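**Student:** need a structure here:
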Amino acid sequence: MSSLFTPFSALPLRHTRATVSCCSSGHVSFIKEVAVTEPPTHLHHLLKVLQTRGETIISPGAKQGLIPLAIPLSKDSSGSVTALLRWPTAPPGYDILVRSFLVTLNYMLFEFNLLLSKNRLDMPVVEVWRSGVRLIARNVDEYIHRILVQEDAQEMSELYIASAEAGEKLYKKGAFAESQIDNLDVYVLKKVGLFPDVLEKKVLRHFDEGDHVSAMVTGEFYTRKDLFPGFGRPFVYYANILQKVGRDSEAKEAARVALKSPWWTLGCPYEEVASIAQWEDEQIEFIREKVSDEGRFEDLKKGKDPIQVALDVAAFLLDLASIEGTWSESLHHIAKCYEEAGLKDMSNFILYTDDK
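**Tutor:** Numbering: from 1, shown residues only. Below is the predicted model of the structure:
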């Protein structure tokens, strides 16, 4: 079975001794002063939970070699980094928000602009990997809630205690057992929230049971534009479902939809999705041309707003860096684009690392 079709593991439950003390004040101040956005209300409690389950809390500025939009939180024993994702925003009064993620190759809008303009999109919790990020949870509260349910199902309490008042607010101890729902994943989907890995496991269960129709229905539901806006992974997974049942033409279209999202949100190497989409290297060459001085000049000559051009180029550069794994080599160029678009705070955030 394709590696594309295997859900990533988002929630290992570990109880080993953490190696550093938890200090949330540094993360909160970093988010306010460097990322220049509001930190999640229960970030401190999440950090305590992550530390208690054995992860090492790391500096939010430890961004070297990572996608520059990530705010690192912790690292597990395998080296996997959990982080918050800081979406870029557009200048005050500019009516096209986060255009940098929506223009490239006719990016699907996902009503993403509306979500951000109404402040309804929280900072997602993500796993950082070489080519970008994989979505773990849509926000900090849902992540904490799920961790506590998982722990309660194993009749343990250490993480619940660590979560303090946040745990009491988000989850009533014993609620899983009281629900009489046998399957933990079913409880999570009904009572906690929607998580990519849980939906992907649900698809696999349907296939294991020989129920291809339910697998496809679940996969299509996964791609609803209001569930995981801005992320290409749901469409990647749906493309694999369609390919598995022999609907190759529809799989190709789903993969092409995925590739209209930021490539660093695919959750797998670009090449694997491009293969299903039957895209050749001309798409990459198209982007390389767009980020060149000649490409920018052509867009300006066609009358495109200079702010828009700068944001488009930033998006293209992020896509290219995700393929080549060259985040550090692209930082200054990406930051310059955001500065040209009037996003000085975003530019500073992109460039910030602890080694400065």
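
**Student:** next SSE downstream of the helix or strand bottoming out on mean pLDDT in the chain?
**Tutor:** The weakest-scoring helix or strand in the chain, judged by mean pLDDT, DSSP states H and E, is helix 112-117 (a mean of 42). Once the chain leaves helix 112-117, the next helix or strand it forms, by DSSP states H and E, is strand 125-129.

**Student:** quick one: contacts for the spatially closest residue to A177 that is not a sequence neighbour?
**Tutor:** The shortest distance from A177 to any non-neighbouring residue, by CB to CB, 6 or more residues apart in numbering, is to D152 (7.5 Å). For the C-beta atoms, the positions are set from N, CA and C on the backbone; glycine is no exception. Taking CB atoms under 8 Å, 6 or more residues apart in numbering, we find D152 in contact with 160, 171, 173-177.

**Student:** K202: which of those is nearest?
**Tutor:** Nearest to K202 among the contacts of D152 is F176, at 17.7 Å by CB to CB.

**Student:** pull stretch 122-138 out as CSV, backbone CA atoms only.
**Tutor:** Taking Å, rounded to 0.1, in the frame of the first residue of the first chain, the C-alpha atoms of stretch 122-138 are listed here in CSV:
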residue,chain,number,x,y,z
ASP,A,122,-6.9,29.3,15.3
MET,A,123,-3.2,28.5,15.2
PRO,A,124,-3.1,24.8,14.1
VAL,A,125,-0.9,22.3,15.9
VAL,A,126,1.4,20.6,13.4
GLU,A,127,4.1,18.1,13.1
VAL,A,128,7.1,19.6,11.3
TRP,A,129,9.0,17.5,8.7
ARG,A,130,11.5,18.2,5.9
SER,A,131,8.9,19.2,3.3
GLY,A,132,6.6,21.2,5.5
VAL,A,133,4.0,20.3,8.1
ARG,A,134,1.4,17.7,8.8
LEU,A,135,-1.7,18.8,10.6
ILE,A,136,-2.2,17.3,14.1
ALA,A,137,-5.1,19.4,15.4
ARG,A,138,-6.9,22.4,14.3
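
**Student:** L84: what secondary structure?
**Tutor:** Assigned with DSSP: H, G, I helix; E, B strand; the rest coil, L84 falls in the strand class.

**Student:** picking that back up, next step: the contacts of D152 restricted to helices.
**Tutor:** If you go by DSSP state H, the contacts of D152 have 160, 175-177 in helices.

**Student:** tell me the one of those nearest G54?
**Tutor:** Y160 (15.8 Å).

**Student:** check contacts around that closest one.
**Tutor:** 148, 151-152, 167, 171, 173.

**Student:** ok and the helix or strand hosting R134 relative to strand 125-129, angle-wise?
**Tutor:** Here R134 sits within strand 132-137, counting by DSSP H and E. Strand 132-137 runs at 150 degrees relative to strand 125-129, counting by axes from the mean of the first three to the mean of the last three CA atoms, to 10 degrees.

**Student:** G193 contacts V140, doesn't it?
**Tutor:** No - using CB atoms under 8 Å, G193 makes no contact with V140, being 11.5 Å away.

**Student:** could you check which of the two is surrounded by more residues?
**Tutor:** More neighbours surround V140 than the other of G193 and V140, with 25 against 17 (other CB atoms under 10 Å).

**Student:** what about the spatially closest residue to the more buried one that is not a sequence neighbour, distance to K290?
**Tutor:** Excluding the flanking residues, the one nearest V140 by CB to CB, 6+ apart is P40, at 3.9 Å. In this view, P40 and K290 are 35 Å apart by CB to CB, to the nearest Å.

**Student:** next one: E324
**Tutor:** 16 Å.

**Student:** would you list every one of the helices in the stretch 1-150 of the chain?
**Tutor:** Taking DSSP state H, counting those that start in this stretch, the helices of the stretch 1-150 of the chain run over residues 24-33, 43-52, 112-117, 140-153.

**Student:** in a markdown table: those helices, plus distance to W279.
**Tutor:** Shown next, in a markdown table, are those (distance: least, CB to CB, whole Å):
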| stretch | distance to W279 |
| --- | --- |
| helix 24-33 | 37 |
| helix 43-52 | 38 |
| helix 112-117 | 23 |
| helix 140-153 | 34 |
